[in-house]
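Engineer: Any chance you can model this:
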Amino acid sequence: MAVGGFCKLPDGMVVVALNLPSPDAEGSGGVRVLVHARNRARALTRLRNLGLRAVYLRGNTAPPTPDEITAVLHHPDGLIWRTAPDGEVTPPELWHPIRALFRRPTAPA
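Structural biologist: Predicted coordinates for the structure are as follows:
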């Protein structure tokens with residue numbers, strides 16, 4: 001289960017935002033994932049198709065901010081992420097395409 005929320009847009013589409021645990025080996029912190037889709041069910045299906053099988057949205061406790069909505073609407077895939085804020089006052093990280101989340105770092109030769 002993930003903390004998150006959604007926002008319905010005037011055209012009927014939705015933007016879903018989820019805070020998920022980090023997929024890296026250290027497990028430090030988490031990531032904020034944004035999905036633009038026709039409805040909430042389709043947004044979650046897009047994440048499940050990427051291998052995030054245990055993703056559910058219960059309630060609307062952390063909906064996307066206007067800046068987050070703008071970011072995901074301007075991305076061609078409509079599926080982006082960045083590290084989740086942990087309360088520190090640091091400049092926000094840039095958004096990354098979802099492919100970068102699952103890309104494994106290569107070991108130096």
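Engineer: can you count the residues close to Phe17?
Structural biologist: If you look again at residue 17, you'll see it is Ala, not Phe. 24 (other C-beta atoms under 10 Å). Glycine gets a C-beta too; all of them are placed from N, C-alpha and C.
Engineer: Look up the closest residue to it, ignoring the ones flanking it.
Structural biologist: Pro64 (3.9 Å; C-beta to C-beta, 6 or more residues apart in numbering).
Engineer: Same check on Val31?
Structural biologist: Closest to Val31 by C-beta to C-beta, 6+ apart is Trp81, at 5.0 Å.
Engineer: Run a quick check on the one you found versus Val33, I expect a contact.
Structural biologist: Yes. Using C-beta atoms under 8 Å, Trp81 is in contact with Val33, at 4.6 Å.
Engineer: Report the central residue of this protein.
Structural biologist: In the chain, the C-alpha nearest the mean C-alpha coordinate belongs to Val33, at 0.6 Å (C-alpha atoms, centre = their mean).
Engineer: who does that one bridge with?
Structural biologist: Leu18, Trp81 (DSSP bridges).
Engineer: so how far is Leu50 from it?
Structural biologist: 10 Å (C-beta to C-beta, to the nearest Å).
Engineer: and the residue nearest to the centre of the chain, what pLDDT?
Structural biologist: With respect to pLDDT, Val33 scores 92.
Engineer: How about the contacts made by it?
Structural biologist: Neighbouring residues of Val33 by C-beta atoms under 8 Å, 6 or more residues apart in numbering: Ala17, Leu18, Asn19, Leu20, Leu47, Leu79, Ile80, Trp81, Ile98, Leu101.
Engineer: Mind pulling up the pLDDT for the third one?
Structural biologist: Predicted confidence (pLDDT) at Asn19: the value is 88.
Engineer: Do I have it right that it meets Pro63?
Structural biologist: No. Assessed by C-beta under 8 Å, Asn19 is found out of contact with Pro63, at 11.6 Å.
Engineer: so what sits against both of the two?
Structural biologist: In contact with both Asn19 and Pro63: Gly4, using C-beta under 8 Å, 6+ apart.
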